[in-house]
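**Q** A structural model of the following input is requested.
(one chain, ligands or ions: 2)
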Amino acid sequence: MAHRLSNESRRLRTLITGHVVPEPERCIQCGICSFNCPIGIDVRLHAWLGEDIEDPACLTCGECIEHCPRAVLRFEVTDLFVGAKG
Ligand code: SF4
Ligand code: SF4
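**A** Ligands and ions are numbered 1, 2, ... in the order given. This next block holds a predicted model:
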């Protein structure tokens, strides 16, 4: 049981620490990413400003990444291996 909980908490931490990262030079500001975000995050604006999406509400669902026609967005998991080592 404890082992299962540990795996679950690691999975959740991966979701929590991962975020979407834009490559603004490639963005054409089409807005398809924002249109496809199920919770209404203005992904286009983040791409324009070159800011990672660190909004805690982000579901890390990857819909914005999948629909971007210019491959501007990628999902970056941070601290995953730091957590795994500990
Ligand atoms: S879908 Fe891609 S190219 Fe279009 S606004 Fe979003 S990040 Fe930019
Ligand atoms: S990963 Fe999902 S919830 Fe997060 S910004 Fe992209 S579409 Fe929205």
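
**Q** how about the residues of the protein by ligand 1?
**A** Selection of the chain residues close to ligand 1 by Cβ under 6 Å from any ligand atom yields 22, 27-33, 43-44, 47, 68, 70, 72-73. For the C-beta atoms, the positions are set from N, CA and C on the backbone; glycine is no exception.

**Q** so which of these also contact ligand 2?
**A** Answer for the residues of the chain next to ligand 1 near ligand 2 (Cβ under 6 Å from any ligand atom): residue 43.

**Q** now do the strands in the chain.
**A** In the chain, the strands defined using DSSP state E lie at 18-22, 73-77.

**Q** circling back: what's the ChimeraX line that selects buried ones from the residues of the chain next to ligand 1?
**A** In ChimeraX syntax, the buried subset of the residues of the chain next to ligand 1 is picked out as below (16 or more other Cβ atoms under 10 Å):
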select :22,27,32,33,43,44,47,68,72,73
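
**Q** what residues does the chain have near ligand 2?
**A** Close to ligand 2, as judged by Cβ under 6 Å from any ligand atom, the chain has residues 20, 36-37, 39, 41, 43, 53, 58-64.

**Q** what is the nearest of those residues to residue 77?
**A** Of all the residues of the chain next to ligand 2, residue 60 has the smallest distance to residue 77: 9.0 Å, by Cβ to Cβ.

**Q** wait, the closest one touches residue 18, no?
**A** Yes: using Cβ atoms under 8 Å, residue 60 is in contact with residue 18, at 5.2 Å.

**Q** fine by me, thanks again.
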